[in-house]
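Next input, structure requested:
(one chain, ligands or ions: 1)
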Amino acid sequence: MMNLVTDVSELTVAQTRRALDARELSAVELTAAFLERIAQLDGEIGAYLHVMHDVALAQAAAADRRLLGGEVSPLTGIPVALKDVLCTIDAPTTAASRILEGFRPPYDATVVRRLREQGAVFLGKANTDEFAMGSSNENSAFKPVRNPWNRDRVPGGSSGGPAAAVAASLATVSLGSDTGGSIRQPAGFCGVVGLKPTYGRVSRLGLMAFASSLDQIGPFARTVEDAAIALQAIAGHDPLDSTSSPEPVPNYGEALTGDIRGMKIGIADEYTVDGMEPGVARAVAAAIVRFRDLGAELVNVSLPHTKYALPTYYITAPAEASANLARYDGVKYGLAIEAPTLRETYERTRGEGFGPEVKRRIMLGTYALSSGYYDAYYVKAQKVRTLIKRDFDEAWSKVDAIVAPTSPTVAFPLGARTDDPYQMYLADVFTIPANMAGIPGVAVPCGLSEGLPVSLQVLGPAFAEGTILRIADAYERSESWSARRPDLPGAAN
Ligand code: GLN
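Have a look, this model is predicted:
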């Protein structure tokens, strides 16, 4: 007998679309199956902070009506998880912080509005590191997320919830945000596809700001094709976000030709570091050979300033965060601990509302921006950032894309790095350069090491999402890694 809870949750967006359009399945049946699976399994995984049970069923019923005769979009009836830094008018949005516990935004993020208009079904708000600061999801004020492949391991971060939700078949597709790697790194740790678009490709309106010059929203999916479908649904100019680009949005599906013959793929020595796990190095090396077998030409490129990306990021991102988080003062939003004076109200609200990593970032950033240090730290970081970007610009005169490991290790054990922020920061050493340069990157599974997923990322020039998706898709078609699922109760392997 068909096990509905297992079978439909395993489908890709494209397969679900066909099943819904052919009336083999209704959106309500599909949604109910996901809600049941979440109820059964998410206690162990922790991917969701808030399940939007009633909203999801109402959206599914509306999707079914639309399927009977209305205009159907690629995501009509498709179950989606939303990282809890994306504002939703009908569900709490907390950024996994006590300071926003129970907060309900007065509007939807633009990406949320777009998905809603297209008839997507919102299963819930997915767990994250507090204010998207972290690489393991252990900085969530509410609960950690466990990696579906091994529940003693982290899922990566900060979008650990959206990554684990797709990996554990608790959503068909999800949205996260990537400031320094928070889509690609958890996608890699959880064995799913994760895409960080070009800075400005997707509107940031309604994304709770962490570092505004770096933040970008993007999808997690089971396949590159699904990531392309989800990007198509959210990309494009938004008059309400002045940093969103007016650059026209191409048809990403058409880019997925499966053919990368003659394309030039760059390999950079800078994406090898001490401490890289041999199993990761081996899997990525094997993937690089595969690109050559598929007819691409491998070209060595040099990115000499990439080694400064991590320190530069840890000036720039905390500096912007310290300014962005000033708004959480106990007066305007969420938690308010009233005290005799306004100053004490601020101090107590912020002292009790923010977790330790968020406080560390606010202190680092305030220091880097303070008079006397501003030029030495912040201005210098901006200059180095330009050099990092120029290295990439130079590379694009020689190659169509660059392939590199997503992370130097597979998912590490829960608790292994919580006492050592520097070790935690190093988890993003390969993802941060793309954010500093504003370029797109897509992470794709490329193997297993110690039974855990290994991932490679394809980086490309600004607005070349079509190119990197095409390369990642061609690779995915030649391999079976994306199709491997973790061993969970009720999940087929
Ligand atoms: N892990 C990095 C940090 O902690 C990146 C986070 C992100 O991309 N949101 O800042």
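
List the buried residues for stretch 343-363?
345-346, 348-350, 353-355, 357-358, 361-362 (16 or more other Cβ atoms under 10 Å). Yep, even glycine has a C-beta here, placed from its N, CA and C like the rest.

Which members of the residues you listed define the maximum pairwise distance?
Within the buried residues of stretch 343-363, T345 and E357 form the most distant pair, 23.2 Å apart (Cβ to Cβ).

Those residues of this protein touching the ligand, which are they?
Those residues of the chain that sit near the ligand, judged by Cβ under 6 Å from any ligand atom, are 132-135, 158, 177-182, 210, 317, 428.

Which member of those residues is positioned nearest V384?
A317 (13.5 Å).

Name the nearest residue to the closest one, sequence neighbours excluded.
Closest residue to A317 apart from its sequence neighbours, by Cβ to Cβ, 6 or more residues apart in numbering: A211 at 4.1 Å.

From G275, how far out is the residue nearest the centre of the chain?
With distances taken as Cα atoms, centre = their mean, I183 lies nearest the centre of the chain, 2.3 Å away. Distance of I183 to G275, computed by Cβ to Cβ, to the nearest Å: 23 Å.

repeat for E29
E29 is 48 Å from G275, by Cβ to Cβ.

So which of the residues of the chain next to the ligand sit within helices?
A317 (DSSP state H).

all strands for the stretch 351-493 of the chain, in order.
According to DSSP state E, counting those that start in this stretch, the stretch 351-493 of the chain carries its strands in the segments 401-405, 441-449, 452-459.

scratch that, the stretch 151-300 of the chain
For the stretch 151-300 of the chain, the strands defined by DSSP E, counting those that start in this stretch occupy 173-177, 193-196, 217-221, 264-268, 297-301.

will you turn these into TSV that also has mean pLDDT, distance to E36 and mean neighbour count?
Listed next are the strands of the stretch 151-300 of the chain as TSV, based on pLDDT from 0 to 100; distance: least, Cβ to Cβ, whole Å; neighbours: other Cβ atoms under 10 Å:
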stretch	mean pLDDT	distance to E36	mean neighbour count
strand 173-177	98	18	30
strand 193-196	98	25	33
strand 217-221	98	21	31
strand 264-268	97	43	20
strand 297-301	98	47	15
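
in the top helix by length along the chain, what's buried?
Counting by DSSP H, the longest helix found in the chain is helix 27-45. When burial is assessed from 16+ other Cβ under 10 Å, helix 27-45 yields the following buried residues: 27-35, 37-38, 41-42, 45.

sec struct for V80, please.
Put simply, V80 is strand when judged by DSSP: H, G, I helix; E, B strand; the rest coil.

Model confidence for the closest residue to it other than its chain neighbours, exactly?
Sequence neighbours aside, A120 is the residue nearest to V80 in space, at 4.9 Å (criterion: Cβ to Cβ, 6+ apart). On the pLDDT scale, A120 is placed at 98.

swap in V273?
On the pLDDT scale, V273 gets 82.

Could you give the number of residues near it?
When neighbours are defined as other Cβ atoms under 10 Å, V273 has 12 of them.

pretty sure it is touching S407, no?
No. Look at V273 against S407 with Cβ atoms under 8 Å: they stay out of range, at 10.5 Å.

what do those two both touch?
F430 (Cβ atoms under 8 Å, 6 or more residues apart in numbering).

Who are the contact partners of the nearest residue to V192 once chain neighbours are set aside?
Computed as Cβ to Cβ, 6+ apart, the closest residue to V192 that is not its neighbour in sequence is V166, at 4.7 Å. The contact partners of V166, taken as Cβ under 8 Å, 6+ apart, are 81, 172-174, 190, 192, 220-222.

gap between V166 and T418?
Taken as Cβ to Cβ, the span from V166 to T418 is 25 Å.

returning to that earlier point: which residues touch the longest helix of the chain?
If you take Cβ under 8 Å, 6+ apart as the criterion, helix 27-45 is touched by 4-6, 8-9, 16, 20, 48, 51, 53, 56-57, 59-61, 63-64, 67, 76-77, 79, 121, 123-124, 145-146, 148, 151, 164-165, 168-172, 488-490.
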